[in-house]
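Asks: Structure for this input, please:
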Amino acid sequence: MERTAEIKRETKETEISVKLNLDGSGKVKISTGIPFYDHMLTLFAVHGFFQPCVPYIIDPYFLRVVALTGLYSNIPTVYNVPPKTNIDGNTFTVLTKEFLRAFSNRCGMNLHVNVSYGENEHHINESIFKAAGRALDQAASIDVRIKDIHSTKGTL
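Replies: Next up, the predicted model:
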């Protein structure tokens, strides 16, 4: 069974197409138009062994659009990182919290980011995306012991 998804979204301001294979190899093709997020999403995919393909995103501020579309849910998102002491000059790094909030809301999952220390914002963001990729790989891995919905309530 292949576990894949594809989402396309077009508005007057943006055009987004994203494909994801949860059982990929971590080889990626990402081109968001924002080099910093190409780098972060590549880390996420490689460390999560996902096979994402983000072939095009028009609108350099797509993260704001994505963030605004995801804020309807009450799914908790925790984001604790050190104060930014060594900004790397990339204005998009400040959108990481909103990006992750939208991501967790759209996925319907809890997401807790706790970074205990760090001085360089770029490296803090790298650690967040690597860890998120690894955590989601673990969460999405198939456990052969589970035959039905794995919940005490009987539903998700």
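
Asks: Which strand or helix spans Asp148?
Replies: Element membership for Asp148 (DSSP states H and E) is empty, with no helix or strand holding it.

Asks: what's the distance between Pro52 and Arg145?
Replies: As defined by Cβ to Cβ, to the nearest Å, Pro52 lies at a distance of 28 Å from Arg145. The way it works is simple: take the backbone N, C-alpha and C, and place the C-beta from them, glycine included.

Asks: higher neighbour count, the two?
Replies: More crowded of Pro52 and Arg145, by other Cβ atoms under 10 Å: Pro52, with 20 against 6.

Asks: thought that one was touching Ser17?
Replies: No: counting by Cβ atoms under 8 Å, Pro52 stays clear of Ser17, with 11.1 Å between them.

Asks: Please pull up the helix or strand immediately following the helix or strand of the chain with the lowest mean pLDDT.
Replies: The helix or strand of the chain with the lowest confidence, counting by mean pLDDT, DSSP states H and E, is helix 62-69 at a mean of 40. On the C-terminal side of helix 62-69, the nearest following helix or strand under DSSP H and E is strand 77-80.

Asks: Can you list phi and psi of Phe50 for me?
Replies: Backbone torsions of Phe50, given as degrees, to the nearest 10, read phi -90, psi 160.

Asks: May I have the residues that are in contact with it?
Replies: With contacts taken as Cβ atoms under 8 Å, 6 or more residues apart in numbering, Phe50 has the following neighbours: Leu20, Asn21, Leu22, Gly24, Gly26, Val28, Phe44, Gly133, Leu136, Asp137.

Asks: How about the second one, nearest residue that isn't a chain neighbour?
Replies: By that I understand Asn21. Excluding its sequence neighbours, the residue lying closest to Asn21 (Cβ to Cβ, 6 or more residues apart in numbering) is Gln51, at 3.6 Å.

Asks: Output the longest helix along the chain in PDB with nothing but the alpha carbons.
Replies: With DSSP state H applied, the helix covering the greatest number of residues in the chain is identified as helix 121-140. This file holds the C-alpha atoms of helix 121-140, laid out as PDB (Å, rounded to 0.1, in the frame of the first residue of the first chain):
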ATOM      1  CA  GLU A 121      18.900  31.000  14.500                       C
ATOM      2  CA  HIS A 122      19.800  29.200  11.300                       C
ATOM      3  CA  HIS A 123      21.100  26.200  13.300                       C
ATOM      4  CA  ILE A 124      18.100  26.300  15.700                       C
ATOM      5  CA  ASN A 125      15.800  26.100  12.700                       C
ATOM      6  CA  GLU A 126      17.900  23.200  11.200                       C
ATOM      7  CA  SER A 127      17.600  21.200  14.400                       C
ATOM      8  CA  ILE A 128      13.800  21.800  14.500                       C
ATOM      9  CA  PHE A 129      13.200  20.600  11.000                       C
ATOM     10  CA  LYS A 130      15.600  17.600  11.400                       C
ATOM     11  CA  ALA A 131      13.900  16.500  14.600                       C
ATOM     12  CA  ALA A 132      10.400  17.000  13.200                       C
ATOM     13  CA  GLY A 133      11.300  14.900  10.200                       C
ATOM     14  CA  ARG A 134      12.600  12.100  12.400                       C
ATOM     15  CA  ALA A 135       9.600  12.300  14.800                       C
ATOM     16  CA  LEU A 136       7.100  12.100  12.000                       C
ATOM     17  CA  ASP A 137       9.000   9.200  10.400                       C
ATOM     18  CA  GLN A 138       8.700   7.400  13.600                       C
ATOM     19  CA  ALA A 139       5.000   8.300  14.000                       C
ATOM     20  CA  ALA A 140       4.200   7.300  10.400                       C
END
